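Trainee: predicted model follows, preceded by the sequence.
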Amino acid sequence: MGEKLWESRFKESLDPLANRFNASISFDKRLYPYDIKGSIAHCRMLAKIGVISEQEAEKIIKALYEIKEELDHKMPSLDEYEDIHTFVETRLVEKIGDTGRKLHTARSRNDQIALDMRLFIKDAVKDILSRIKQLQKVLITTAERHLDIIIPGYTHLQRAQPVLLSHYFLAYYEMFQRDKDRFLQTIKRTDVMPLGSAALAGSSFELDRNMVAKELGFKEISRNSIDAVSDRDFLLDFLYSCAVTMMHLSRISEELIIWSSYEFGFVTIPDAYATGSSIMPQKKNPDILELIRGKTGRVYGNLVSLLTVMKGLPLTYNKDMQEDKEPVFDSYDTTRDCLELMKRTLEKLSFNREKIKAALKGGYITATDLAEYLVRKGVPFRTAHRIVGKIVLYAIEKEKELWELSLDELKSFSSVIEEDIYEWLDPIKSVQKREIFGGTGPEHVKKMIKELKKELESQLLLPTGRSL
Ligand code: ARG
């Protein structure tokens, strides 16, 4: 069992099971780049205010860089240590002896872990943002490449009205645009430097907190030490943002799963993102999309998990809060992978034009156009709706499409119907008539593609990477 940072006050060592139960190293070791980065900034500041000498600071910083390099090179089993803070400090003392023991002056693991998690989230959000952006790019390209495809749009999963396939994909673009906004909000609330709060009460040393914040790239410093070590709202923001992004990914997945079924046959899932059945040789299953849909459950769970951990906690730090890490790491890893896999699937997705075209028949998807035609001829909408309902019933009985009905047949329902009605019954023409801003008209959609491309290019995302 590794040495504890707090063991001098105890007579007995921890029960091995309690030791394992208490330790967080198995999951918080991935925080090492942030822990070391924070320690370096803290150390520089301690030297600046004269708590340690410049030479001591140099020695400590050099050793911290070495520890980072060792871990970058190969992550050893760290199981004997309680947490990443304990490991870094122990290794530091191993390397430079007593000088290493000075680093933790005016710092507690409480403000240290709050700092590490904030640094982690800032990087995670930057990464997610750039992945969402890449996915949006693919959505635009997909929309651009298939401007000629008209699909039946659905409400209640019943054929409703014809829309451009491109319009559909741009709908997803909008969702991800809102997701980015949510993640940017998360960054805003994460960008607060907690170091200097120490355990809960701040420090008796005159720490230069602004210097530390500047060195670590934080916009603000925390204003209340009690809040700073107790606050996990920024993690909840992150978990919520991941949950909503996953919900969107899950909806696209569901759509593509349905569209790839034999019954729909609109799309073919690329082989690289499908699997077979061990018993039914003919099967090709959309497992990757199903898993994206399924993993949405755990990302939701992670949010509920941390909300529940936090709800009953008195101020300030409580060990319960160690339970914040696994949900956060899991939501990050899952959302990141799902964004990447969705992007790759979409890049290679193929559309089956014939099947889609065939689906424009049979659902009377231009019935609304017919009603709108009647309105233009002076019929009140409610009356027009009723007339068209009857025409549809008639067409179903005759097993005909609306556009296959003769003018005489149509006229028998309303005398205002004339030859120009056929302009309104064709799905292609129906789409072309919806050039309203925000509608599915091809000219408008083309304009949107151009605009969204510009919007995406002009968005300066924060640079990724986690340099020390
Ligand atoms: N492993 C701990 C956590 O993740 C670090 C903070 C420990 N603080 C303490 N007072 N024991 O929350």
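Mentor: Sure, I can see it.
Trainee: can you pull the residues of the stretch 301-450 of the chain lying near the ligand?
Mentor: Counting by C-beta under 6 Å from any ligand atom, the positions of the stretch 301-450 of the chain adjacent to the ligand are Tyr317, Met321, Gln322. Placement of C-beta: from N, CA and C, glycine included.
Trainee: distance to Glu457 and neighbour count added to those residues, as CSV?
Mentor: Converted to CSV, those look like this (distance: C-beta to C-beta, whole Å; neighbours: other C-beta atoms under 10 Å):
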residue, distance to Glu457, neighbour count
Tyr317, 44, 21
Met321, 41, 22
Gln322, 42, 17
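Trainee: could I get those as JSON lines with secondary structure and pLDDT?
Mentor: Formatted as JSON lines, these follow (DSSP: H, G, I helix; E, B strand; the rest coil; pLDDT from 0 to 100):
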{"residue": "Tyr317", "secondary structure": "coil", "pLDDT": "97"}
{"residue": "Met321", "secondary structure": "helix", "pLDDT": "98"}
{"residue": "Gln322", "secondary structure": "helix", "pLDDT": "98"}
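Trainee: now, which of these sits nearest the ligand?
Mentor: The shortest approach to the ligand among those belongs to Gln322, at 3.7 Å (C-beta to the nearest ligand atom).
Trainee: who are the neighbours in contact with the nearest residue to that closest one once chain neighbours are set aside?
Mentor: With sequence-adjacent residues excluded and distances taken as C-beta to C-beta, 6 or more residues apart in numbering, Gln322 is closest to Ser24, at 5.2 Å. If a contact means C-beta atoms under 8 Å, 6 or more residues apart in numbering, then Ser24 has Glu82, Asp83, Ile84, Gln322, Lys325 as its contacts.
Trainee: helices - which of the residues you listed land there?
Mentor: Ile84, Lys325 (DSSP state H).
Trainee: right, and Ala384 touches Leu374 too?
Mentor: Yes: contact criterion C-beta atoms under 8 Å: Ala384 and Leu374 qualify, at 3.7 Å.
Trainee: what does the helix or strand containing Glu69 rub up against?
Mentor: Assigned by DSSP states H and E, Glu69 belongs to helix 54-73. Applying C-beta under 8 Å, 6+ apart, the contact partners of helix 54-73 are 32-33, 36, 39-40, 43-44, 46-47, 52, 88, 91-92, 95-96, 99-100, 102-103, 468.
Trainee: just the buried residues of those.
Mentor: Neighbour-count burial (16 or more other C-beta atoms under 10 Å) is assigned, among the contacts of helix 54-73, to 32-33, 36, 39-40, 43-44, 46-47, 52, 88, 91-92, 95-96, 99-100, 102-103.
Trainee: so which residues of the chain form strands?
Mentor: For the chain, the strands defined by DSSP state E cover 150-155, 158-164, 192-193, 220-221, 267-268, 350-351.
Trainee: for the protein, what's the longest helix?
Mentor: helix 109-145.
Trainee: just checking, what packs against that helix?
Mentor: helix 32-48, helix 84-96, helix 165-190, strand 192-193, helix 225-230, helix 233-260, helix 325-348, helix 442-458 (3 or more C-beta pairs under 8 Å, 6 or more residues apart in numbering; DSSP states H and E).
Trainee: nearest to Ile150, out of these?
Mentor: helix 165-190 (7.1 Å; C-beta to C-beta).
Trainee: what is that closest one packed up against?
Mentor: helix 109-145, strand 150-155, helix 233-260, helix 442-458.
Trainee: make TSV out of these and add mean neighbour count, mean pLDDT and distance to Gly276.
Mentor: Formatted as TSV, those follow (neighbours: other C-beta atoms under 10 Å; pLDDT from 0 to 100; distance: least, C-beta to C-beta, whole Å):
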stretch	mean neighbour count	mean pLDDT	distance to Gly276
helix 109-145	22	98	26
strand 150-155	18	96	28
helix 233-260	22	98	14
helix 442-458	15	96	36
